[in-house]
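> below are the sequence and a predicted model; questions follow.
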Amino acid sequence: MRLYHFTSQKFGLLALKQRRLKIARINELNDPFEFLGWNLRDRRVRAFMRNWKNERDREFGLLCFSRKWSNPLLWGHYAEKHHGIAIGFDVPDNSDAYHPVKYRRKRLPAPSDRELTGADVDDLLLTKFTAWGYESEYRCFCRLAESIHDGSHYFEPFTEELKPVEVIVGDRSTITRAELAGALGDPYADVTSYKARPAFGSFQVIRNKNDALWK
């Protein structure tokens, strides 16, 4: 399965050079409804859920991917307004580490007083409002204690199960072929790379087949 990670020009090149992806922190995600997919009208449920989310934030982070790269909103929101890049990774189809997000119109009812089940936790970790559906998001959760800690940030290293195989350079990016090749280095010299552009006849981002335009 191929999944795409969108990032800025600067940090995309750095990720390729350092062979790692930055782990997103739960309490810093751009959607305030993250991990709070239940109906929270009950004050006790609200208090419980805020504590539960804070506990998860101290223990876990996540890597965010998309199943596709052609949606212009992904480039506008997550790739520095089309100046950044999308890195394609091949991950095992049968891996239990990568989870598709569930997009829902309504918040879920909070379960009555009982211990959370595995299904409850999955719902909380993976539920988002349907308006986010354009992301076609997959998530990989990382234990912070087992990740690379660098300053105030955490990183997940590239591995055989998180292997870059494709780099798509945004239409507005100033990354040159030489800069990208230098960031990839010999270990990833066979990674497919090309420049993107807005399609002429649809609202999609597509491959620019005129390779001469990317110096």
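Sure thing, it's come through.
> give me the below-cutoff pLDDT ranges for the chain.
Scanning the chain for pLDDT under 70 picks out 114.
> okay, now the nearest residue to residue 84 once chain neighbours are set aside: neighbour count?
Using C-beta to C-beta, 6 or more residues apart in numbering and skipping residues adjacent in sequence, the residue nearest residue 84 is residue 8, 4.4 Å away. To be clear about C-beta, it is placed using only N, CA and C from the backbone, and glycine gets the same treatment. Neighbours of residue 8 under the rule other C-beta atoms under 10 Å: 18.
> distance of residue 8 relative to residue 162?
Distance from residue 8 to residue 162, counting by C-beta to C-beta, to the nearest Å: 19 Å.
> let me know the secondary structure of residue 140.
Under DSSP: H, G, I helix; E, B strand; the rest coil, the three-state class of residue 140 is strand.
> tell me who's in contact with it.
62, 63, 65, 97, 98, 99, 156, 162 (C-beta atoms under 8 Å, 6 or more residues apart in numbering).
> so what pairs up with it in the strands?
Going by DSSP bridges, residue 140 is paired in beta bridges with residue 63, residue 98.
> can you start the count at 724 instead of 1 from here on
OK, 724 is where the count begins now, so the last one is residue 863.
> and it, how far is that from residue 785?
6 Å.
> ok, and what's touching the lengthiest helix in the chain?
Criterion DSSP state H: the longest helix present in the chain is helix 766-782. Helix 766-782 is touched from outside by 748-750, 758-759, 761-763, 833, 847, 866-868, with contacts defined as C-beta under 8 Å, 6+ apart.
> list only buried entries from those.
Among the contacts of helix 766-782, those classed as buried by 16 or more other C-beta atoms under 10 Å are 748, 749, 758, 759, 761, 763, 833, 847.
> middle-most residue in this protein, spatially?
Central residue of the chain (C-alpha atoms, centre = their mean): residue 787, 1.9 Å from the mean position.
> next up, the contacts around that residue.
Residue 787 touches 728, 747, 860, 861, 862, counting by C-beta under 8 Å, 6+ apart.
> out of those residues, which is most surrounded?
With neighbours taken as other C-beta under 10 Å, the top of the contacts of residue 787 is residue 728, carrying 24 neighbours.
> and the residue lying farthest from the centre of the chain, how far is that from residue 842?
Here the centre of the chain is the reference, and by C-alpha atoms, centre = their mean the most remote residue is residue 836, at 33.4 Å. Computed as C-beta to C-beta, the residue 836 to residue 842 distance reads 17 Å.
> the spatially closest residue to residue 791 that is not a sequence neighbour: how many residues sit nearby?
In space, and not counting its chain neighbours, residue 791 is closest to residue 859: 5.3 Å by C-beta to C-beta, 6+ apart. By other C-beta under 10 Å, 18 other residues sit near residue 859.
> quick check: residue 859 touching residue 789?
Yes. Residue 859 is within contact range of residue 789, at 5.1 Å (criterion: C-beta atoms under 8 Å).
> shared neighbours, the two?
With C-beta under 8 Å, 6+ apart, residue 859 and residue 789 have no common neighbours.
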